[in-house]
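> The sequence and its predicted three-dimensional model are supplied below.
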Amino acid sequence: MLIVKPIQLAVVFISFVFAYFLATLPIDVFYDRGNYLVYAQNSINILLRYLNRGVLNVFSNEPLWLSINIILSSWLSPENTLRIIIFFASFISTSLVLKNNQKYWYLVFLILLLPQVIKNDIVHLRQGLALAIFLIGWYSRNRRTKLLFIGLAPFIHTSFFFIDFILLVTFILKYLRYSKGIRAIVIVLLGIVLNFSLIFITSLLGARQADQYSQVDMSVSGLAFIFWFVILIVFLSEGKQFANKYAFEQAAVIFYLTTYFFMPVTARIFESAILLVLLAGLQLTKWRRWVFLAGFTFYFIYSYLPRLSQPLLGWAVH
């Protein structure tokens, strides 16, 4: 007999209400929704255009995202296609994260409300769906399911090519029993290489982002760099057991810091891993935990403070 625990029911209920709320918000008032409506209406034409350029061009331009839009839009209106995507992505991500981090559920929910996380369900819908698919694999105990869903994520949002690459490199280095210091050096070197080769690689693959990357303004404040550098130091000071268990999360921060001043999309890539990084921070011990919580509180307030005076917390169409 299957026994459902009250906490499991609570997770499903909270996730459903949260996802339903986000999915039922007005479609046309948020930034970038017009582009997603175009996908819902014209994904078949977009996919055919990539096919005409070759198979490699198809796989480097998010074919699974296009296919999902084609399937949903054949049954639903463009607006309802977006609603289904928003609901599914938000429900899956929220339920999986809450289910696997029940001890700190109240802090987990605050992490889910962080602008850099919740924007995936409001503005960057493609990235939000890719994250949901990735998390299915991340939390799966079945090896084949894990590999399948983690492998599918880049074909919804290209940032997960980088995430999967970091994950693969981290796995190999752990398998070879390299120390956390050596692992950090390798990730730094990979970041340096990508700093100077990203535009070339995306152009070679025919990715649609190639022109965008070459035109991005790289002026940054440096405040985020300081914050995440402090978090990395706290992570590294926790010890060997934490370093091995959360090797990917540490590698993601190192990669972000290495590419912060040079790679135009490093923040967007890091946003695909930031949820897992923050969840790892909840597992810190002693003074490190308090430093992390204080830092997160500052980060949360600092992220929302300038948004309070803006329409729909800064996500409204201008």
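Alright, I've got the coordinates.
> secondary structure element for the closest residue in space to residue 237 that isn't next to it in sequence?
Nearest non-adjacent residue to residue 237, counting by Cβ to Cβ, 6 or more residues apart in numbering: residue 288, 6.3 Å away. For every residue, glycine as well, the C-beta is placed using N, CA and C. Applying DSSP states H and E as the criterion places residue 288 in helix 286-304.
> List the buried residues of that helix.
For helix 286-304, burial by neighbour count (16 or more other Cβ atoms under 10 Å) applies to 288, 291-292, 295-296, 299-300.
> now residue 90: how far from residue 150?
In this structure, residue 90 and residue 150 are 20 Å apart, going by Cβ to Cβ, to the nearest Å.
> Also residue 163?
Look at residue 163 and residue 150: by Cβ to Cβ, they are 9 Å apart.
> shared neighbours, these two?
Counting by Cβ atoms under 8 Å, 6 or more residues apart in numbering, the shared contacts of residue 163 and residue 150 are residue 134.
> Between those two, tell me which one has more neighbours.
The residue with more neighbours, out of residue 163 and residue 150, is residue 163; 24 against 21, by other Cβ atoms under 10 Å.
> Skipping its backbone neighbours, what lies nearest the more buried one in space?
residue 272 (5.1 Å).
> Wait, a helix at the one you found?
No: Residue 272: not assigned to a helix; according to DSSP: H, G, I helix; E, B strand; the rest coil it is coil.
> Contact partners for it?
Contacts of residue 272 by Cβ under 8 Å, 6+ apart are 127, 130-131, 134, 157, 159-160, 162-163.
> Which one (most neighbours) among these?
residue 131 (30 neighbours).
> show me the contacts for it.
The contact partners of residue 131, by Cβ under 8 Å, 6+ apart, come to 89, 93, 120, 153, 157, 272, 275.
> Now it: which helix or strand?
Going by DSSP H and E, residue 131 is part of helix 125-139.
> could I get that helix in PDB with only the CA atoms?
Taking C-alpha atoms only, helix 125-139 is exported to PDB below (Å, rounded to 0.1, in the frame of the first residue of the first chain):
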ATOM      1  CA  LEU A 125      10.900  30.800 -20.000                       C
ATOM      2  CA  ARG A 126      13.200  28.700 -22.200                       C
ATOM      3  CA  GLN A 127      15.900  28.600 -19.600                       C
ATOM      4  CA  GLY A 128      13.300  27.800 -16.900                       C
ATOM      5  CA  LEU A 129      12.000  24.800 -18.900                       C
ATOM      6  CA  ALA A 130      15.600  23.600 -19.500                       C
ATOM      7  CA  LEU A 131      16.300  23.900 -15.700                       C
ATOM      8  CA  ALA A 132      13.200  21.800 -14.900                       C
ATOM      9  CA  ILE A 133      14.400  19.100 -17.300                       C
ATOM     10  CA  PHE A 134      17.900  19.200 -15.900                       C
ATOM     11  CA  LEU A 135      16.600  18.900 -12.300                       C
ATOM     12  CA  ILE A 136      14.600  15.800 -13.200                       C
ATOM     13  CA  GLY A 137      17.900  14.200 -14.100                       C
ATOM     14  CA  TRP A 138      19.900  15.800 -11.300                       C
ATOM     15  CA  TYR A 139      17.600  14.400  -8.600                       C
END
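> For the helix or strand following it, what is the distance to the chain centroid?
Moving toward the C-terminus from helix 125-139, the next helix or strand (DSSP H and E) is helix 143-152. In terms of Cα atoms, centre = their mean, to the nearest Å, the centre of helix 143-152 is set 16 Å apart from its chain centre.
> what angle separates helix 143-152 from helix 125-139?
Angle, helix 143-152 to helix 125-139, by axes from the mean of the first three to the mean of the last three Cα atoms, to 10 degrees: 160 degrees.
> Going by neighbour count, which residues of helix 143-152 are buried?
Applying 16+ other Cβ under 10 Å to helix 143-152 flags 149-150, 152 as buried.
> same thing with stretch 69-84?
In stretch 69-84, counting by 16+ other Cβ under 10 Å, buried: 69-70, 72-73, 78, 81-83.
> quick one: which of those is nearest residue 41?
Using Cβ to Cβ, residue 78 is the member of these that lies nearest residue 41, at 5.2 Å.
> what number of residues lie near residue 104?
For residue 104, using other Cβ under 10 Å, the count is 14.
> just use 840 as the starting number from now, easier for me
From this message on, residue numbering opens at 840, which makes the last subject residue 943.
> Got the phi and psi for the nearest residue in space to it that is not next to it in sequence?
Nearest residue to residue 943 in three dimensions, chain neighbours excluded: residue 1121, at 4.9 Å (Cβ to Cβ, 6+ apart). Torsion angles at residue 1121 (phi, psi; degrees, to the nearest 10) stand at phi -70, psi -20.
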